[in-house]
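Undergrad: Next one to model:
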Amino acid sequence: MLAQFGIAFSVDPAHVDESVLPGESPRTYVVRLAQQKAEAVAARHPGQLVLGADTTVALDGEILGKPADAAEARAMLHRLAGRTHLVHTAVATAGRHTAVQAVQTAVRFVEASSAALAWYAASGEPLDKAGAYALQGLGGFLVASISGSHSAVIGLPLVETLDLLQAAGLALPWEGPHGG
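TA: Residues are numbered from 1 along each chain as shown. Here you go, the predicted structure:
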C-alpha cells in the first residue's frame, strides 16, 4: 500500500512475542504489538523512521489470532459465519518520531456453507491471518459488509498511517514539488 503512494520503504520483521496478556483487550493488544514491533526495528536502525502495525480479529471481545492449522481455521470461520466481528488494527512509528493510532472496523460475514468454509480453510490462505481470513484474497467472498476502514482490515490503515508519516516529517506525494 505504501508503494502505491511512492513511499520508499524496506521490510524488516520485528519478531516480537505476540502472546495475548491476561485480561488484555483487543485494542490494547494491537497497540502494544504495533509499538513493540516499531521499537524493536528502530533499535536496529538508529535515526530511521520505523513503522510497525498489528491487526487482530475479535468476536464477542475474544481475540481470534492466527489459526494453527486448517481445522482451527475452519472452527474460527464457522464462529464468524453470519455474524459481525471487530477488526482492531494499530499502526505505530518509532525512531525519529514516536506515536501510535488504533482503528476499529466492524466486518459482517455471510452465512457461508460448511463446504465453502472447508474449501477456504484448505486453500492455506487463512493460516497466517488473524481470524483465519484475508479480505484482500480469496477470503473476500466471506465478507458481506464493512463499517469502517477497509485498509485496516487488510492490515494497514492508510488514513492513520499517512497521518503518522506526515507528523513524522515525511513529505506525502501531494506535498512535494508538484503537489498542492
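Undergrad: And the strands in the protein?
TA: Using DSSP state E, the strands found in the chain span residues 49-59, 62-64, 84-95, 99-109, 143-147.
Undergrad: Make a markdown table from these and add mean pLDDT, distance to residue 36 and mean neighbour count to it.
TA: Every residue, glycine included, has its C-beta placed from N, CA and C. A markdown table is the format used below for the strands of the chain (pLDDT from 0 to 100; distance: least, Cβ to Cβ, whole Å; neighbours: other Cβ atoms under 10 Å):
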| stretch | mean pLDDT | distance to residue 36 | mean neighbour count |
| --- | --- | --- | --- |
| strand 49-59 | 97 | 7 | 22 |
| strand 62-64 | 96 | 16 | 17 |
| strand 84-95 | 97 | 9 | 24 |
| strand 99-109 | 98 | 11 | 18 |
| strand 143-147 | 98 | 27 | 13 |
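Undergrad: of all those, which lies closest to residue 117?
TA: Residue 117 sits nearest to strand 99-109 of all those, at 9.8 Å, using Cβ to Cβ.
Undergrad: Parallel or antiparallel, list what pairs with that closest one.
TA: Sheet pairing of strand 99-109 (DSSP bridges) gives strand 84-95 (antiparallel), strand 143-147 (antiparallel).
Undergrad: how about the strands of the chain, which one is nearest residue 129?
TA: Per Cβ to Cβ, nearest to residue 129 of the strands of the chain: strand 49-59, 8.6 Å.
Undergrad: and the angle from the closest one to strand 84-95?
TA: Taking axes from the mean of the first three to the mean of the last three Cα atoms, to 10 degrees, one finds strand 49-59 and strand 84-95 inclined to each other by 160 degrees.
Undergrad: Provide the strand pairings for strand 49-59, with the direction of each partner.
TA: Neighbouring strands of strand 49-59 in its sheet, by DSSP bridges, are strand 62-64 (antiparallel), strand 84-95 (antiparallel).
Undergrad: And the contacts of the shortest one?
TA: Put plainly, it is strand 62-64. Residues from elsewhere that reach strand 62-64 (Cβ atoms under 8 Å, 6 or more residues apart in numbering): 20, 24, 26, 29, 56-58, 76, 79-80, 85, 130-132.
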